[in-house]
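K.L.:
Model the structure of this input:
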Amino acid sequence: MLPSILLFAGLINIVSGAAVNDIRPLVIWHGLGDTYSSPGMVRFENEVKEIHHGIFVHSIFLDEDPKADQRACFYGNVNEQIAQVAQQLAEIPELSRGFDAIGFSQGGQFLRGYVERNNSPPVHNLITFGSQHMGISDLPACNPFDLLCQVARRAASKGVYGEWAQEHLVQAQYFRDPQQMLLYMSTGSFLPDINNEVLLPSSRNPSYADNLASLNKLILVLFAQDKTVVPKESAWFASEKPLEDANIEPLASGSEQTPMFSAPHTRDIIPMRLQPLYKEDWIGLRKLDKSGAIDFVSCPGEHMQLDDCWENLVAEWVGGSLSTN
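P.N.:
Below you'll find the predicted structure:
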């Protein structure tokens, strides 16, 4: 009788292990000023594991030394960083069948860059919180005691489109000045490329659209009282009206197209569906949207004030079965 019981117990363990292995892993990319191993990131990982028992979670790092990882948020070449992360993810066996991904703040557009340029192993669902998909038109203010941030901000403000800034200052590489669009497209080293906002149409990379459109779901989270990201609507692929582009019209009052964010603002904001990159589908957004694969979520509060806003999203779009890929 005992051998039968042991056999039965062994079968249960095998089935249980198979069930755990079938849970889609999660990859997280932290935001500006944070580190992959900070108390907040560790706490978030543990809370995800409480929701999805047995899930494998990987927090992206640019350096195993937390201080160096934090510095890399401010100083570094984003294109090189994404290539480094792509190699990092490819070497993790648990991710080989694909994963869901969460990007906090700038980590969101960096993960999108990974999807467009690499996506091997592939991302299934991508959630971005307060990310700057259409860039920023102002550099965020720094905490008075955050010397690292203050030095980077001063350096970027002196020449955001200069060669040194575009090679070494992370925030400069997703700075999108609506009054200098030609300069942005001709000298920007990261954001113009992943948005396919380039001067020559022949220079656009069609694989970016194919890769982004391969997502099962893209969840774009905006923080309603965000004063850190300017404009905050960048989280929903909206931007300030470019001064130099007469072909883009701001959303007029009474327009048939409903703005995706209706709170009053002092600038003309071009919503995603009126952006050239959407209308001409330069990066696959239009295809995703037409298939119902984009969700626009508004969370109350300031930038990265998650509170309870994240739990339902993680419960629904993270930790599904790998067999559904």
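K.L.:
how about residue 47, phi and psi?
P.N.:
The phi/psi pair for residue 47 (degrees, to the nearest 10) reads phi -70, psi -40.
K.L.:
what about it, how many neighbours?
P.N.:
12 (other C-beta atoms under 10 Å). For the C-beta atoms, the positions are set from N, CA and C on the backbone; glycine is no exception.
K.L.:
Might you report the residue contacts of it?
P.N.:
residue 311 (C-beta atoms under 8 Å, 6 or more residues apart in numbering).
K.L.:
just the one 10 residues further on next, same as before
P.N.:
If a contact means C-beta under 8 Å, 6+ apart, then residue 57 has 25, 26, 27, 28, 45, 48, 49 as its contacts.
K.L.:
Closest one of the residues you listed to residue 170?
P.N.:
residue 28 (17.8 Å; C-beta to C-beta).
K.L.:
secondary structure element for the closest one?
P.N.:
strand 26-29 (DSSP states H and E).
K.L.:
Packing partners of that strand?
P.N.:
helix 39-51, strand 57-59, strand 99-104, helix 106-117 (3 or more C-beta pairs under 8 Å, 6 or more residues apart in numbering; DSSP states H and E).
K.L.:
Show me the shaky parts of this structure.
P.N.:
Per-residue confidence for the chain (pLDDT under 70) gives these ranges: 1-20, 140-141, 144-145, 148, 151-158, 244-266, 325.
K.L.:
would you list every one of the strands in it?
P.N.:
All strands of the chain, identified by DSSP state E, fall at 26-29, 57-59, 99-104, 123-129, 217-223, 239-240, 269-270, 294-299.
K.L.:
could you dump these to JSON lines with distance to residue 200?
P.N.:
Converted to JSON lines, the strands of the chain look like this (distance: least, C-beta to C-beta, whole Å):
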{"stretch": "strand 26-29", "distance to residue 200": "30"}
{"stretch": "strand 57-59", "distance to residue 200": "37"}
{"stretch": "strand 99-104", "distance to residue 200": "29"}
{"stretch": "strand 123-129", "distance to residue 200": "28"}
{"stretch": "strand 217-223", "distance to residue 200": "27"}
{"stretch": "strand 239-240", "distance to residue 200": "21"}
{"stretch": "strand 269-270", "distance to residue 200": "22"}
{"stretch": "strand 294-299", "distance to residue 200": "28"}
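K.L.:
what's the neighbour count on residue 110?
P.N.:
Number of residues near residue 110 (other C-beta under 10 Å) recorded here: 23.
K.L.:
Residue 172 now?
P.N.:
Neighbours around residue 172, by other C-beta under 10 Å: 26.
K.L.:
Please enumerate the helices of this structure.
P.N.:
2-21, 39-51, 66-71, 78-90, 106-117, 147-158, 163-168, 181-187, 191-194, 206-213, 276-279, 285-290, 311-317 (DSSP state H).
K.L.:
Ok, which of these comes nearest residue 137?
P.N.:
helix 181-187 (10.1 Å).
K.L.:
List the buried residues for the closest one?
P.N.:
181, 184, 185 (16 or more other C-beta atoms under 10 Å).
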